[in-house]
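1. I would like the atomic coordinates for the input below:
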Amino acid sequence: MSEQNLTDAEITRYSRQTILPGVGLEGQRKLKNRRVLVVGAGGLGSPVLLYLAAGGLGTLGIADPDTVTTHNLQRQIIHDTPSEGERKVTVARQKIEALNPHTKTIEHSTGITPENALGIFSEYDLIIDATDNFPTRFLNNDAAYLAGKPLVSGSILRFEGQFALFDPNRSGPCYRCLFPRMPEPGSVPNCAEAGVLGALAGIIGSAQAFLAIRYLLGIGDAALGKLTVYRGTENQFRTLQVKKDPDCPLCSAKPEIMEIDPQNYQWQCSSEAPAEDELPLEIPVREAAERLRAAPESHFLLDVREPGEWDLVRIPEAQLIPMGNIADQAEALPRDKTILVHCHHGMRSLRVTQFLRQKGFSTVTNIAGGIDAWAREIDPSLPRY
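-> Below you'll find the model as predicted:
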């Protein structure tokens, strides 16, 4: 496909940018003819999408399977109150078209999955990871490498964030050179569990957009493998050089990962199926609700979230013991009842379930999806956060 030239309207629109050394009309034309995929249209994806569109990216792909909910609006500035309930990719596309009609947008409403990742990634020049969970983050890294695409990664939590450019196909490291394996479920909280200051998403997302434009234009150093960490409470940036790992399971000379296997991107806790009369490690939220309804006297509902979360919303039957206090209070839990454990999304409670089983509690199980799933499927009157 032949490259397109700038129109007079575009030259006027981008004039404050084209006068910069290293950009010019040729650089702006280069941006017009580049295709960038942003995975995640949430807290990080919002500023990434808005600044790339405003800066003149020719084609922006938006991948996200979710819809807009109230608790998104504290940080996901591409969405607004009237868009609650709508698909994030559609809302983002509409906002981009209103901001810059010269940018073409492509919706990927199924999000990125092991089945479609390589096919979608192959259509773009650069991938930006703006997601908030480890399975998708590792999938994006692996698919970007196998598709031969550079990856701009970013993440935020509480008051801290980080971003980096990974391009092992240009002799740089990949994300697995830094983190070879996914952490165990519940070992690292996500933003939904630990919280995040909304403006932090603007800082890190804008930095991702800036890094992507620099890379596409070839401005400054390559930034390959330079991980920048931002500590918001001290307002400090620190850049670390990540070296290519000669034993990396993905990008080394003898890799373990040579294709996208869906099993590599699931938080699996046991490969063995439970016996017919054995309680599974976790159960769907509807089954948990039915158990409590049918036999409340034989079940104990344990909430392992933090007190601040408990104050926001709770299931009336539940009793609160934060995850950090479980070890000290485990012996006070009933052994003659089935213990149903839940947290916000089911990750911390899964860890607690595993811990209690190791302590000899045989009738304990995790509620998949946590109180968030309970609010969606069992009691919609409960607020979500």
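2. okay, now the domains of the protein?
-> Domain segmentation of the chain under automatic domain parsing yields 34-265, 282-377.
3. Could you find the closest non-adjacent residue to D245?
-> The shortest distance from D245 to any non-neighbouring residue, by CB to CB, 6 or more residues apart in numbering, is to C177 (4.0 Å). For glycine as for every other residue, the C-beta is placed from the backbone atoms N, C-alpha and C.
4. so that neighbour makes contact with Q241?
-> No: using CB atoms under 8 Å, C177 is not in contact with Q241; the gap is 11.3 Å.
5. Which one's more surrounded, these two?
-> Using other CB atoms under 10 Å as the criterion, C177 and Q241 rank with C177 on top: 23 against 9.
6. Output the contacting helices and strands for the host helix or strand of that one.
-> Using DSSP states H and E, C177 maps to helix 175-178. Helix 175-178 sits against helix 134-147, with contacts defined as 3 or more CB pairs under 8 Å, 6 or more residues apart in numbering; DSSP states H and E.
7. Common neighbours of C177 and Q241, please.
-> Common contacts of C177 and Q241 (CB atoms under 8 Å, 6 or more residues apart in numbering): G225.
8. Find the helix or strand that the spatially most central residue of the chain is a member of.
-> The residue lying closest to the centre of the chain (CA atoms, centre = their mean) is D132, at 1.8 Å. Per DSSP H and E: D132 is located in neither a helix nor a strand.
9. quick one: it and Q266, what's the gap?
-> 17 Å (CB to CB, to the nearest Å).
10. Where does pLDDT dip in this structure?
-> The model of the chain has pLDDT under 70 over residues 1, 184-194, 222, 267-278.
11. make it 50
-> Within the chain, the stretches with pLDDT under 50 are 268-276.
12. Looks like Y51 contacts A207 (just checking).
-> No: contact between Y51 and A207 fails when scored by CB under 8 Å: they sit 10.0 Å apart.
13. ok, G161 to Q358 distance?
-> In terms of CB to CB, G161 sits 34 Å off from Q358.
14. the more surrounded of these two?
-> G161 (26 against 8).
15. Find the residue closest to the more buried one in space, skipping its chain neighbours.
-> G161's closest residue in space is I204 (CB to CB, 6+ apart), at 3.7 Å.
16. Against H299, how distant is F210?
-> Going from F210 to H299 by CB to CB gives 52 Å.
17. what does E234 give?
-> On the measure of CB to CB, E234 and H299 end up 46 Å apart.
18. If you count surrounding residues, which of these two has more?
-> More crowded of E234 and H299, by other CB under 10 Å: H299, with 19 against 10.
19. For that one, list the residues it contacts.
-> R291, L292, K337, T338, I339, L340.
20. Identify the residues contacting the second one.
-> The neighbourhood of L292, defined by CB under 8 Å, 6+ apart, consists of H299, L301, E317, L340.
21. Same question for the third one.
-> Residues in contact with K337, defined by CB under 8 Å, 6+ apart, are S298, H299, F300, T363.
22. still on that earlier bit, would you turn the domains of the chain into CSV with distance to P383?
-> As requested, the domains of the chain are exported to CSV (distance: least, CB to CB, whole Å):
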stretch, distance to P383
domain 34-265, 8
domain 282-377, 5
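23. so which of these comes closest to L25?
-> domain 34-265 (11.1 Å; CB to CB).
24. how long is the closest one from one end to the other?
-> Start-to-end span of domain 34-265 (CA to CA, to the nearest Å) is 29 Å.
25. 607 is where my numbering starts, stick with that
-> With the count now opening at 607, the last piece we talked about shows up as domain 640-871.
26. That one: how far from the chain's middle?
-> Here domain 640-871 is found 8 Å from its chain centre; the criterion is CA atoms, centre = their mean, to the nearest Å.
27. if you go through the stretch 607-756 of the chain in chain order, where are the helices?
-> 614-619, 621-624, 630-638, 651-660, 694-705, 723-727, 740-753 (DSSP state H, counting those that start in this stretch).
28. For stretch 618-629, give me every contacting residue.
-> Applying CB under 8 Å, 6+ apart, the set of residues contacting stretch 618-629 from outside is 612, 617, 630-631, 633-634, 661-662, 706, 708, 823-825.
29. Would you mark the buried spots in stretch 736-756?
-> Neighbour-count burial for stretch 736-756 flags 736-753, 755-756 (criterion: 16 or more other CB atoms under 10 Å).
30. again but with stretch 624-638, I slipped
-> Quick answer for stretch 624-638 (16+ other CB under 10 Å): T624, V629, G633, Q634, R635, K636, L637, K638.
31. same thing with stretch 677-695?
-> So, applying 16+ other CB under 10 Å, buried residues of stretch 677-695: N678, R681, Q682, I683, I684, H685, S689, R693, K694, V695.
32. Ok, stretch 754-764 next?
-> Quick answer for stretch 754-764 (16+ other CB under 10 Å): K755, P756, L757, V758, S759, G760, S761, I762, L763.
33. So which of those residues is the closest to G804?
-> Of the buried residues of stretch 754-764, the one sitting nearest to G804 (CB to CB) turns out to be I762, at 9.8 Å.
34. Would you agree the closest one is in contact with A805?
-> No: taking CB under 8 Å as the definition, I762 is not a contact partner of A805, at 10.3 Å.
35. which residues touch stretch 701-720?
-> 613, 615-616, 619, 638, 643, 645, 655-656, 658-660, 662-672, 684, 693, 695-696, 698-699, 722, 726, 742, 745-746, 749, 866-868, 870-871.
36. Recalculate using a threshold of 6 Å.
-> Here stretch 701-720 makes contact (CB atoms under 6 Å, 6 or more residues apart in numbering) with 616, 645, 659-660, 663, 665-671, 684, 693, 695, 699, 866, 868, 871.
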